[in-house]
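Asks: Give me the fold of what follows.
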Amino acid sequence: MTLHELLEIQRLDLEVRQLRHRRANLPQRSSSETVANEMTARQAKLDELTFERDDRLGDQQRLEAEVQVVRMRAEGDEARLYGGEVNGIKELEALQHEIAGLRERQSELENRVLTLMEQVEELNGPIEGLAEDQMASEALLERFAAEIATAEADIDRELATVLEQRKVQAELVDPALLSEYQRLEPSFGSATIVQFDGTGCVGCPSQMPAVEVDRIRRRAGDDPTNCQECGRIVLH
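Replies: Residues are numbered from 1 along each chain as shown. Next up is the predicted model:
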């Protein structure tokens, strides 16, 4: 077991973490989330405007039906008026008055229908614009999804290669030491295994006592030990 083998395992583990972090934080993910949030807000506005337009369309259709009823009544009364069916003066006057009222009501209803038609038309513009924006965003999400899939596949291939290298390297290290490293690695990350610089542990935030420095100096070869101050694995 050599210093290089231990440090190589640590280096490979760092590379694995970096690849996984890169995979989880692809820029397209953030962009995709932003677009999705924009689509949600836009859809809410689109639903609101569509509901308002449909409500006015319903009023328009109801009034158009009422116009038709009033028109038919007025035309029926006019047919009676000019068809000779009514002879009495009072009855003629009453019929004329009723026709005038119906025509006035018809005109009023038709004006309201025209107003509603204008309002519906005014709403159609923003609705169509929002719908087009939604379609463009959907296409953008599809593009991001494809880019994410490609990037993930590339990273996964890199990750598989690094993990295989790590597996091979791990077979060269003493199992007990590897187990100790893996126990400490979640706490210290890429500084789990550090070198002894002759005066102390380079990863330790505290100054190493002289007795501890002397103990490490006396160890033979590349045999590792744990720093009594921080717990990291120290190689010298």
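
Asks: tally of neighbours for residue 74?
Replies: Counted with other Cβ atoms under 10 Å, the neighbours of residue 74 add up to 19. Where C-beta positions appear, they are placed from N, C-alpha and C, glycine not excepted.

Asks: nope, residue 179 is what I was after
Replies: Other residues close to residue 179 by other Cβ under 10 Å number 11.

Asks: Which strand or helix spans it?
Replies: Assigned by DSSP states H and E, residue 179 belongs to helix 175-188.

Asks: and that helix, what does it pack onto?
Replies: helix 3-24, strand 233-235 (3 or more Cβ pairs under 8 Å, 6 or more residues apart in numbering; DSSP states H and E).

Asks: What angle do helix 175-188 and the top helix by length along the chain make with each other?
Replies: Looking across the chain with DSSP state H, the single longest helix is helix 89-170. Here helix 89-170 runs at an angle of 140 degrees relative to helix 175-188 (axes from the mean of the first three to the mean of the last three Cα atoms, to 10 degrees).

Asks: Next SSE downstream of the helix or strand of the chain with the lowest mean pLDDT?
Replies: Ranking every helix and strand in the chain by mean pLDDT, DSSP states H and E puts helix 210-217 at the bottom, with a mean of 64. Remark: after helix 210-217, the chain's next helix or strand is strand 225-226, criterion DSSP H and E.

Asks: how about a markdown table for the helices and strands packed on helix 175-188, with distance to residue 125, mean neighbour count and mean pLDDT added?
Replies: Formatted as a markdown table, these follow (distance: least, Cβ to Cβ, whole Å; neighbours: other Cβ atoms under 10 Å; pLDDT from 0 to 100):
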| stretch | distance to residue 125 | mean neighbour count | mean pLDDT |
| --- | --- | --- | --- |
| helix 3-24 | 42 | 16 | 90 |
| strand 233-235 | 69 | 22 | 74 |
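
Asks: Residue 144: which of the ones you listed is closest?
Replies: When the helices and strands packed on helix 175-188 are compared by Cβ to Cβ, helix 3-24 sits nearest residue 144, at 14.8 Å.

Asks: residues making contact with the closest one?
Replies: Under the criterion Cβ atoms under 8 Å, 6 or more residues apart in numbering, residues 151-152, 155-156, 158-159, 162-163, 165-166, 169-170, 172-173, 177-178, 181, 185, 189-190, 192-193, 195, 222, 224, 233, 235 lie in contact with helix 3-24.

Asks: Mind giving me the PyMOL select for the residues you listed, buried ones only?
Replies: To isolate the buried members of these in PyMOL, using 16 or more other Cβ atoms under 10 Å:
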select buried, resi 151+152+155+159+162+165+166+169+170+173+177+178+181+185+192+193+224+233+235
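
Asks: Find the centremost residue of the protein, please.
Replies: residue 33 (2.5 Å; Cα atoms, centre = their mean).

Asks: Against which helices or strands is the one helix or strand it maps to packed?
Replies: For residue 33, the element it lies in under DSSP H and E is helix 27-82. With contacts defined as 3+ Cβ pairs under 8 Å, 6+ apart, helix 27-82 has these neighbours: helix 89-170.

Asks: just checking, what packs against the helix it packs on?
Replies: So helix 89-170, by 3+ Cβ pairs under 8 Å, 6+ apart, packs with helix 3-24, helix 27-82.
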